[in-house]
Each structure stands twice: as C-alpha cells, then as structure tokens.
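Engineer: Sharing a model that was predicted from the sequence below.
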Amino acid sequence: MKTEFDLRFERAKKEIEEEIKNGLLPNTVKNLNEIDQYADCHYFGGFTDEGYEISENYELENQVQEAINQWLETR
C-alpha cells in the first residue's frame, strides 16, 4: 500500500514531467526554487487542491519537497 508521501511524490514528479514535456518548464530545472520562476512550486503534488489539509508543522509537505529537489538534481 502506498503512503501519502508516495502518492504526493509520484504525483508531483508526473506533473513536473508533464510541464517540461509541454514546454511550460525548461528541461534544465534542478530544484523547486528554479521552478518557482515559472510556476508556483506548491501546486505540484496536489498541495493546493481544494479540501487538502496541511499536515502538522508542514512535515509531509517539506518531506515531499525535499524528495522532489533530490529527484530534480539527479534526473
């Protein structure tokens, strides 16, 4: 069974890859700070979806964003 982290991380990766494929983000982005120059990086992973409740102390959101940064740096 996939965890909330797994679901959010996989969704964020897919959304970023789609934005790159569609030319909305450059293929050269290496972290979320660079993505923020083109789009709100909090959008990726569904953290801005209606009804989403932020985790205590932003723990999940920070974990997913750290993992996305690592993935972007090594992809």
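Structural biologist: Yep, that arrived.
Engineer: Tell me the helix or strand right after whatever helix or strand Arg8 lives in.
Structural biologist: Per DSSP states H and E: Arg8 is located in helix 4-21. Next helix or strand after helix 4-21 toward the C-terminus (DSSP H and E): helix 32-35.
Engineer: okay, that next one in CSV with CA atoms only?
Structural biologist: Taking only C-alpha atoms (Å, rounded to 0.1, in the frame of the first residue of the first chain), the coordinates of helix 32-35 have been written out as CSV:
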residue,chain,number,x,y,z
LEU,A,32,11.9,23.9,-6.8
ASN,A,33,13.3,27.4,-6.5
GLU,A,34,14.0,27.3,-10.2
ILE,A,35,10.5,26.0,-10.9
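Engineer: Give me the distance between that helix and the centre of its chain.
Structural biologist: From the chain centre to the centre of helix 32-35 is a distance of 10 Å (C-alpha atoms, centre = their mean, to the nearest Å).
Engineer: buried ones in that helix?
Structural biologist: Neighbour-count burial for helix 32-35 flags Leu32, Ile35 (criterion: 16 or more other C-beta atoms under 10 Å). The way it works is simple: take the backbone N, C-alpha and C, and place the C-beta from them, glycine included.
Engineer: now for that helix, which elements pack on it?
Structural biologist: helix 59-74 (3 or more C-beta pairs under 8 Å, 6 or more residues apart in numbering; DSSP states H and E).
Engineer: which residues touch the helix holding Arg8?
Structural biologist: Residues outside helix 4-21 that contact it (C-beta atoms under 8 Å, 6 or more residues apart in numbering): 2, 25-27, 29, 35, 38-39, 43-47, 60, 63-64, 67-68, 71-72.
Engineer: What angle do helix 59-74 and that helix make with each other?
Structural biologist: If you take axes from the mean of the first three to the mean of the last three C-alpha atoms, to 10 degrees, helix 4-21 sits at 40 degrees to helix 59-74.
Engineer: Mark which of the contacts of helix 4-21 are buried, thanks.
Structural biologist: Using 16+ other C-beta under 10 Å as the burial test, the contacts of helix 4-21 include Leu25, Val29, Ile35, Phe44, Gly45, Phe47, Leu60, Val64, Ala67, Ile68, Leu72 as buried.
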